[in-house]
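Asks: Output the structure for:
(4 chains)
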Number of protein chains: 4
Amino acid sequence: MSFQNPVFIPGPTNMPEEIRKACDMATIDHRSPVFGTILNPCLKNVRAVLKSRSAEIFLFPSTGTGGWECAIGNTLSPGDRVLVARNGMFSHRWIDMCQRHGLDVEIIETPWGAGLPAERYGEILKADRGHAIRAVLATHNETATGVRSDIGALRRAMDDAGHPALLLVDGVSSIASMDFRFDDWGVDIAVTGSQKGFMMPPGLAILGFSERAMAATATAKLPRTFFDIRDMARGYAANAYPYTPPVGLMNGLKLASDMLLEEGLDNVFARHHRIAEGVRAAVRAWGLGLCALSPDVQSDTVSAVRTPEGFNATDIVTHAAKVYGVALGTGLGELAGRAFRIGHLGSLTDVMMLSGLATIEMCMADLGLNIALGSGVAAAQEHYRSSHAVAALQAA
Amino acid sequence: MSFQNPVFIPGPTNMPEEIRKACDMATIDHRSPVFGTILNPCLKNVRAVLKSRSAEIFLFPSTGTGGWECAIGNTLSPGDRVLVARNGMFSHRWIDMCQRHGLDVEIIETPWGAGLPAERYGEILKADRGHAIRAVLATHNETATGVRSDIGALRRAMDDAGHPALLLVDGVSSIASMDFRFDDWGVDIAVTGSQKGFMMPPGLAILGFSERAMAATATAKLPRTFFDIRDMARGYAANAYPYTPPVGLMNGLKLASDMLLEEGLDNVFARHHRIAEGVRAAVRAWGLGLCALSPDVQSDTVSAVRTPEGFNATDIVTHAAKVYGVALGTGLGELAGRAFRIGHLGSLTDVMMLSGLATIEMCMADLGLNIALGSGVAAAQEHYRSSHAVAALQAA
Amino acid sequence: MSFQNPVFIPGPTNMPEEIRKACDMATIDHRSPVFGTILNPCLKNVRAVLKSRSAEIFLFPSTGTGGWECAIGNTLSPGDRVLVARNGMFSHRWIDMCQRHGLDVEIIETPWGAGLPAERYGEILKADRGHAIRAVLATHNETATGVRSDIGALRRAMDDAGHPALLLVDGVSSIASMDFRFDDWGVDIAVTGSQKGFMMPPGLAILGFSERAMAATATAKLPRTFFDIRDMARGYAANAYPYTPPVGLMNGLKLASDMLLEEGLDNVFARHHRIAEGVRAAVRAWGLGLCALSPDVQSDTVSAVRTPEGFNATDIVTHAAKVYGVALGTGLGELAGRAFRIGHLGSLTDVMMLSGLATIEMCMADLGLNIALGSGVAAAQEHYRSSHAVAALQAA
Amino acid sequence: MSFQNPVFIPGPTNMPEEIRKACDMATIDHRSPVFGTILNPCLKNVRAVLKSRSAEIFLFPSTGTGGWECAIGNTLSPGDRVLVARNGMFSHRWIDMCQRHGLDVEIIETPWGAGLPAERYGEILKADRGHAIRAVLATHNETATGVRSDIGALRRAMDDAGHPALLLVDGVSSIASMDFRFDDWGVDIAVTGSQKGFMMPPGLAILGFSERAMAATATAKLPRTFFDIRDMARGYAANAYPYTPPVGLMNGLKLASDMLLEEGLDNVFARHHRIAEGVRAAVRAWGLGLCALSPDVQSDTVSAVRTPEGFNATDIVTHAAKVYGVALGTGLGELAGRAFRIGHLGSLTDVMMLSGLATIEMCMADLGLNIALGSGVAAAQEHYRSSHAVAALQAA
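Replies: Down below sits the predicted model:
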């Protein structure tokens, strides 16, 4: 018999039951007016979650990876130059995709654990007097390293350079969990998926396009049909879809985004921050360090925890799954074996998080690490207690 | 937004998702042959869970309380004498029911926290030379105090006295979680519900009747129709039911009992024992005591934890619900305000239990009890680690 | 592979998906304040569905049969005289229950197919000068014969006789589907279940008690605990329950009653009437007759259709299930083999009903009855068309 | 209150409840070994459904349209010549996609309602001595016209011409509902989706690749990442996925394909044929004609029904949705207003189909068409009766 513990992977996340029930929808005719009553609230709500007044929102039966392809395919042409920093596995994959689509990718190599170097972006953009660079790519939250970068700073660097490149942002593991300001940051395309902050099953790529990004679709020459924003936009204008829409997932997104907005985005972000702070307190109590090189880049959705030299961090993940039935994330890329990852986003409570931390402690002890059982839990408890007091006061 | 933590009440328990899905069944015609394919495996499996070869099993759309009424209503007549010890709230309630049904109840007052006094039962039965006592009632596990009694010893006392009374046992919070031996213990009627060890929603009273109990139905004069075993037995003989059966719940019971038997009853009991031992280790680490007066009567499904004099134990329960969204049990009856209860039965993992213990620690600290955060968790972790190691070896 | 056709049995009915999802609820602590937020809307809504301003509503984890037992057990004492007409299987069963509970039942034998004889009730009550009769029992809708009786007329007969007996009404297959007026008709206890007009799974007995019925509970001497209204009332007063409540079903009832009231009871009744009229048009087109002896007693929830002499009506039911996967009701009691029953209540559309009628036609043709395929369907279509036109106009 | 009638659109189809429950899955770690236990049965079963021994199967979080893009993107290079007939809206859309991807599309214009002209394909291929044509595209079942083409004949024409082009087949609305022979027909890529014959929600593109198609991926130069078969194949080899997999949908596909294979593909096809024949009998009884120009091309999954001159066929679809709550398909492209479509695939019974036909009759009568109510229903009933007799014999 296998009973269901929460998962602590950096997505897909635990899902609230009401969202699952909304996704599990009987077949409707997606060409009937009912479809519009599902589609339009999604578009409106997602726009609000992005903190945008005017972004065009698009929903594809796909994933974050498909969302990336949609972003570049609709705005760029073969040979176009793009500028992007590589500071983890997901920025690496996006770079790889650009190269495979024939783009000319200028890569800013950045230490894994560091945030995106806005200054370096700025220098290169300033030097690009001819504006050959058509797009700047940025991964808001590196899921591999638990590093959140400062997109606002990147925008300021672009503005300082007076550079007209589009700003394409991967917000897969940040949007709906950490502050994301489409309008304030001048984001041109934001990409996310359904299975992270939206607390849904995977299967939806969710994108926001600025007016400038929409304009770029007219001249972009990369081939596309499935991901063609123009077909999608024409569909939406008629409350329709260019092919069979994933109605159940969209119905789930309608509810999920309602729930997020009802809770209040700031409360959602504070909740993620509170849980993450407890995790970080536990990591400190264990005497371990995060991959994130400085506090200002620590992610509130995922923590990548470095383990001591000579210890295979992946053993913790394997052991937790096998012995305790708990899912954690392994280290990826250059962090493989050197770090494990704790996902702490989506539908999660302080109480659930404590069970994850307690499990990690048991695993570390089982595997011979010198760890005091209960030590990380106590540190997190202390944080959750005091922050709950504040939360309770605010709610009263 | 409210996310779902596990519950730690002594029933209803957390439910495995597959069991919920089995209960959530589309309407079928309960007069069609399909009904028999649900009913009969239930009867066969429940018999096996009771460790009986021949008990007649009955399923009513009701609760454990209804099960008690079914037990006495089908075997006794107004004025009949019954013998029963009172050692907690649930034995008290059963006594109250007997009195309201006009039975002559001989009560053995027993300290709350003590097990049923088999010796005292035996003395009274021996003294009852005329066999006026028609039934002996026993609560196997007192959910109010966390006390499990020795039904085998009670049977031996009855046998020693050579007394023919029926043995009616309330196994509501023990059956399917702790060892229960219908045949070996010579139980005549066992009563339980769907919402405890069977990990289902409430709504089913589940009973086993011995041959002698079945015989008693012929002469019992307490009025009954809804709970009449004879109508029910006639129904079952024709793969039918005397009124509208709760088909969904029965479909859930079919799966739940399959799952229990597939895991193996001894493994189910060992799992409950392991989790309970962790809880008890935590309680010791906190410097608190259990209501159960001695280790041999400690229940593996519920622990009633005494709090220091002058502290209102119910505050912990209220605080846990309000601040942390976690459900615990209050003290009942004479334990109100003096103890709180931790349910640890049904669909529960070590990992989930640790989150319950961590929550209790935060509550106690919040409420000013002198408790070291993480101390009980660490004690439980230590136990779960070592016992898991054994479990893993056995599985290998 | 078996695909799910709608059922056409007179309960349990087809269930709307949203109600099933509301019933399928994760475990909550039924001793927490959340319970009151489920319980109280149920009580308020059910009262409104009964068209009562002041009835006390009670919900038991049971069935309609349990509801009957609750009604008599709480208001009567052994030896009490009750007056009841027997015009079908369900009134018969209620009589049987009364006799088994030691009541003195005066039976008005009434032809199956006829409504309850209000006049005859009146004569007997008038003759009962000493008011020995403590309760008048009436089955509002005889599910076995498809006969709806006039409870208002019965009340007038009681009033004309100036008789103080309680009026206990079985509304299992009428309430929430056909007009039921608790207050106007001076009903003292109304009994129904969850699995009919409320479109839910079986498992709830739903009762309304008048002030006079509540008063009778103080003196009634029939033994009861599980069904004791006084315990239940005490529980409700504290937002609690005397034992483990069926929370999921209650959550479903909250939604179901919301849905009924939102649609509007008159619209609900009109919908049932429209669908029933289509069924009756089909029966006429087939050249067959209903068991209901006159149009004024034809039920809008179930039609019992007589088949020609020499033909076994049950063959239609068996054939429909086996060959077409469609559930119909057999004839019960003296109608066994002479009639089959079509349930047309609950969550049903005209379109679904047409598939039931089409199936019956195929069965009758397969079994050699001289029936024109499509004939009954056409008659029903004609009715649904015209009545839908009216409905559409009203909605516009 | 809106109750759920079955839908009669040509996909998404009605879904069996057990498949929906399999799709509605709690989050698991898709990087754990559990993922392989879902993925691998899917691959094996889908291969069997395609009647192939060796096809490589791929599952994308996408739709049939994405499947098309995957097919061409992985095997072709910009400027490659492809040959394809246009006989309906879906072949038209595929052609459009090819053109937008820079392929050189040679189009065989074919009357809507006719099957793909294998002979004409053959002539062109024979004339293509230099083998400039790299791929032959074919839509097995034109969902817009209800026309099924003979892919075996197309293969023979290719073989007669000795032409090495790849054969890419759109089987979106045929696979798992009508006979499809990947190996026998020498198909190189087959494309379908989850929401038709597999009776699932939309969201999965399902593809089979032959060894030759796999080889072509090495040289194909169209850019691709999300749809890159090579990444996907590498993932599968490690029981993994190149990005977040739609685990719930895959779990549903595992069950759906199990169900299809357990029923037996020939039985599945026979069931679709039987239901379709009943629909066609009804259409004849109404005096209307199908778009399919000859019986040999009539589709068993969708019927496009031509309405009389001067009548707007779309009114039937709108009226059915609005007045009766039933979903039908409109005419597409040049059939807009001239035909409506009845979907009869997936999880559908004869009984459900009859309700669809009865609804259409009511709509036609409401809208003034000269139609005898019940006439089409009767014709379908007659067919279902006789064919059920055969089915019953086979099952015995």
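Asks: Okay, A:Pro245 and B:Lys221: tell me how far apart.
Replies: Separation of A:Pro245 from B:Lys221 (Cβ to Cβ, to the nearest Å): 67 Å. Yep, even glycine has a C-beta here, placed from its N, CA and C like the rest.
Asks: The two: who's more crowded?
Replies: A:Pro245 (24 against 12; other Cβ atoms under 10 Å in any protein chain shown).
Asks: What are the structural domain limits within chain A?
Replies: A:17-262, A:264-395 (automatic domain parsing).
Asks: could you say what helices and strands the strand or helix carrying A:Lys21 packs with?
Replies: Per DSSP states H and E: A:Lys21 is located in helix A:17-23. For helix A:17-23, the elements it packs on are helix A:247-263, judged by 3 or more Cβ pairs under 8 Å, 6 or more residues apart in numbering or on different chains; DSSP states H and E.
Asks: and the helix it packs on, is it in reach of chain C?
Replies: No - for helix A:247-263 and chain C, the contact criterion (Cβ under 8 Å from any Cβ of the partner chain) is not met; the two come no nearer than 12.3 Å.
Asks: For that helix, C-alpha coordinates in PDB please.
Replies: The C-alpha trace of helix A:247-263 is given here as PDB (Å, rounded to 0.1, in the frame of the first residue of the first chain):
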ATOM      1  CA  VAL A 247     -10.400  22.800 -22.000                       C
ATOM      2  CA  GLY A 248     -10.100  20.900 -18.700                       C
ATOM      3  CA  LEU A 249      -6.700  22.500 -18.000                       C
ATOM      4  CA  MET A 250      -8.000  25.900 -18.900                       C
ATOM      5  CA  ASN A 251     -10.900  25.400 -16.500                       C
ATOM      6  CA  GLY A 252      -8.400  24.500 -13.900                       C
ATOM      7  CA  LEU A 253      -6.400  27.600 -14.700                       C
ATOM      8  CA  LYS A 254      -9.500  29.800 -14.400                       C
ATOM      9  CA  LEU A 255      -9.900  28.500 -10.800                       C
ATOM     10  CA  ALA A 256      -6.200  28.500  -9.900                       C
ATOM     11  CA  SER A 257      -5.800  32.100 -11.000                       C
ATOM     12  CA  ASP A 258      -9.000  33.100  -9.200                       C
ATOM     13  CA  MET A 259      -7.600  31.500  -6.100                       C
ATOM     14  CA  LEU A 260      -4.300  33.300  -6.400                       C
ATOM     15  CA  LEU A 261      -5.900  36.700  -6.900                       C
ATOM     16  CA  GLU A 262      -8.400  36.100  -4.100                       C
ATOM     17  CA  GLU A 263      -5.600  35.300  -1.800                       C
END
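Asks: in the stretch 101-250 of chain A, what residue is nearest chain C?
Replies: Nearest to chain C in the stretch 101-250 of chain A, going by Cβ to the nearest Cβ, is A:Gly248, at a distance of 12.3 Å.
Asks: residue contacts, the residue lying closest to that residue once chain neighbours are set aside?
Replies: What sits nearest to A:Gly248 in space, not counting adjacent residues and going by Cβ to Cβ, 6 or more residues apart in numbering or on different chains, is A:Met25, at 4.1 Å. The neighbourhood of A:Met25, defined by Cβ atoms under 8 Å, 6 or more residues apart in numbering or on different chains, consists of A:Val247, A:Gly248, A:Asn251, D:Pro201.
Asks: circling back: as a markdown table, the domains of chain A with mean pLDDT and distance to D:Ser77 would be great.
Replies: Output for those, formatted as a markdown table (pLDDT from 0 to 100; distance: least, Cβ to Cβ, whole Å):
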| stretch | mean pLDDT | distance to D:Ser77 |
| --- | --- | --- |
| domain A:17-262 | 98 | 11 |
| domain A:264-395 | 95 | 31 |
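Asks: Out of those domains, which is closest to D:His319?
Replies: D:His319 sits nearest to domain A:17-262 of all the domains of chain A, at 12.4 Å, using Cβ to Cβ.
Asks: what distance separates that closest one from the middle of the whole chain?
Replies: 10 Å (Cα atoms, centre = their mean, to the nearest Å).
Asks: gap between the two ends of that domain?
Replies: This stretch, domain A:17-262, spans 17 Å end to end (Cα to Cα, to the nearest Å).
Asks: For the stretch 151-300 of chain A, what lies in contact range of chain B?
Replies: A:Met259, A:Leu260, A:Glu262, A:Glu263, A:Val268.
Asks: The second one is in contact with A:Phe269, isn't it?
Replies: No - here A:Leu260 lies out of contact with A:Phe269, judged by Cβ atoms under 8 Å, at a distance of 10.2 Å.
Asks: Just want to know which of the two has more residues nearby.
Replies: The neighbour count for A:Leu260 versus A:Phe269, taken as other Cβ under 10 Å, is higher for A:Leu260 (22 against 18).
Asks: on that earlier part again, among the contacts of A:Met25, give me the pair with the biggest separation.
Replies: Farthest apart among the contacts of A:Met25 by Cβ to Cβ are A:Asn251 and D:Pro201. That separation is 10.5 Å.
Asks: Compare these two (neighbour count), which wins?
Replies: D:Pro201 (30 against 23).
Asks: State whether that one is indeed within a strand.
Replies: No - counting by DSSP: H, G, I helix; E, B strand; the rest coil, D:Pro201 is not part of a strand but coil.
Asks: Please name the nearest non-neighbouring residue to it.
Replies: Excluding its sequence neighbours, the residue lying closest to D:Pro201 (Cβ to Cβ, 6+ apart) is A:Gly248, at 5.1 Å.
Asks: Name all residues that make contact with the one you found.
Replies: With contacts defined as Cβ under 8 Å, 6+ apart, A:Gly248 is in contact with A:Ala22, A:Cys23, A:Asp24, A:Met25, D:Pro201, D:Gly203.
Asks: Relative to D:Ser347, which of these is nearest.
Replies: Using Cβ to Cβ, D:Pro201 is the member of the contacts of A:Gly248 that lies nearest D:Ser347, at 12.2 Å.
Asks: just checking, A:Glu334 touches A:Trp112?
Replies: Yes - if you go by Cβ under 8 Å, A:Glu334 and A:Trp112 touch, sitting 5.8 Å apart.
Asks: Which one's more surrounded, those two?
Replies: Remark: of A:Glu334 and A:Trp112, A:Trp112 carries more neighbours, 24 against 17, as counted by other Cβ under 10 Å.
Asks: quick one, phi/psi of that one?
Replies: phi -70, psi 130 (degrees, to the nearest 10).
Asks: Show me what it is bridged to.
Replies: With DSSP bridges as the criterion, A:Trp112 is bridged to A:Ala114.
Asks: how far away is A:Thr359 from C:Leu249?
Replies: A:Thr359 is 35 Å from C:Leu249, by Cβ to Cβ.
Asks: Pull the contacting residues for A:Thr139.
Replies: A:Thr139 neighbours (Cβ under 8 Å, 6+ apart): A:Asn87, A:Gly88, A:Phe90, A:Ser91, A:Trp94, A:Leu116, A:Ser149, A:Val169, A:Asp170.
Asks: where's it relative to A:Ala358, distance?
Replies: Distance from A:Thr139 to A:Ala358, counting by Cβ to Cβ: 31 Å.
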